[in-house]
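[1] Predicted model, plus sequence, below.
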Amino acid sequence: EVQLVESGGGAVQAGGSLRLSCAASGFTFEDYAIAWFRKAPGKAREGISCFRSLDGTRYSAESVKGRFTTYRENAKNTAYLQMNNLKPEDTAVYYCTATLVQCDIAILPGAPNYWGQGIQVTVSS
């Protein structure tokens, strides 16, 4: 059974940091690009960050560039989203996904093969 389980969300003040974790099982983790999406109330789901181990390619949306980074520990089947300098507009449900394509496609909402259940991040001003 394929599983992606996010953890590490919660509430933080603006300017703070959080690290989301994504524990994967049931598939060959290192073969997949890990992309993070988020869904804020009233907004479309947005692919924000991606890292593909196979070729080292990355993607960061303009909204998070320089603040959020995806990294992974393939030996632990775990990926992370490090989020720094958080802003109130980063408040959303965050999803970990796994996709068998490169990052510039993996961040499109229809692309992922697998999705986590999502985790809430709330940033207060």
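    In hand now; what should we look at?
[2] How far does stretch 49-61 sit from its chain's centre?
    11 Å (CA atoms, centre = their mean, to the nearest Å).
[3] ok, residue 109 touching residue 47?
    Yes. Counting by CB atoms under 8 Å, residue 109 does reach residue 47; the two are 6.8 Å apart. Placement of C-beta: from N, CA and C, glycine included.
[4] okay, these two: which has more neighbours?
    With neighbours defined as other CB atoms under 10 Å, residue 109 and residue 47 compare such that residue 47 has more, 23 against 15.
[5] Nearest residue to that one in space, please, no chain neighbours.
    Leaving out its chain neighbours, the residue that sits closest to residue 47 by CB to CB, 6 or more residues apart in numbering is residue 107, at 2.9 Å.
[6] got a list of what that neighbour touches?
    Contact analysis of residue 107 by CB atoms under 8 Å, 6 or more residues apart in numbering lists 35, 37, 47, 48, 49, 50, 59, 61.
[7] number of nearby residues for the nearest residue to residue 54 once chain neighbours are set aside?
    Computed as CB to CB, 6+ apart, the closest residue to residue 54 that is not its neighbour in sequence is residue 31, at 6.8 Å. Using other CB under 10 Å, residue 31 is surrounded by 12 other residues.
[8] What segments of this structure are helices?
    According to DSSP state H, the chain carries its helices in the segments 103-106.
[9] Closest to the centroid, which residue in this protein?
    Closest to where the C-alpha atoms of the chain average out (CA atoms, centre = their mean) is residue 36, at 2.2 Å.
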